[in-house]
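Trainee: After the sequence you'll find the predicted model.
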Amino acid sequence: MYLRDLIGISAALLDSGAVALYDPFTFRWWRPEAWKAIFHAPDKPQPQEHVLILYSAERDGLWLHTRGLLTFGRPDLSVRRVLQADFDMVAGMLNELIDLQAFGGLLADGQTVRHPSLGPFKVRYTGDRDDPEFNNVHIELQRQN
């Protein structure tokens, strides 16, 4: 099923009285008005709205990772050991990679992704659908020094 078809079916369910929609990949409940405003009304793809960027503190920095790229049949993304000062730039890079993948781009295992300010990151595929952090295969983006 195409994502566009799913959005249309979801809008029809909301129009017939559904009180909320649940996104199982991002663990989000949507009220009808909010969902329609973000996904249905724009009538254009909104990949970043289908994906969450989560973060948590670890002993050696922050961990940023996505949930929801499975919606597009793509692996989620993970970056560890992020300095607080780099948080916004890493989140921006993840948003760019969300769009890249959602619009059909592929990241190859072993490929180097370069960010103008952060430098190079090595792409490493890992995980599986049973990984509770992602429920998806994911890419570890490892910063290269």
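Mentor: Thanks, I have the structure now.
Trainee: Just give the closest residue to the residue nearest the centre of the chain, not the sequence neighbours.
Mentor: Centroid-nearest residue in the chain: residue 51, 3.5 Å away (criterion: C-alpha atoms, centre = their mean). Leaving aside its chain neighbours, residue 51 sits nearest to residue 68 (3.8 Å; criterion: C-beta to C-beta, 6 or more residues apart in numbering). For glycine as for every other residue, the C-beta is placed from the backbone atoms N, C-alpha and C.
Trainee: quick one, what contacts the one you found?
Mentor: Neighbouring residues of residue 68 by C-beta atoms under 8 Å, 6 or more residues apart in numbering: 23, 25-26, 50-52, 76.
Trainee: Measure how buried the closest residue to residue 125 other than its chain neighbours is and give me the count.
Mentor: For residue 125, ignoring the flanking residues on the chain, the nearest one in space by C-beta to C-beta, 6+ apart is residue 109 at 4.6 Å. If you count neighbours by other C-beta atoms under 10 Å, residue 109 ends up with 11.
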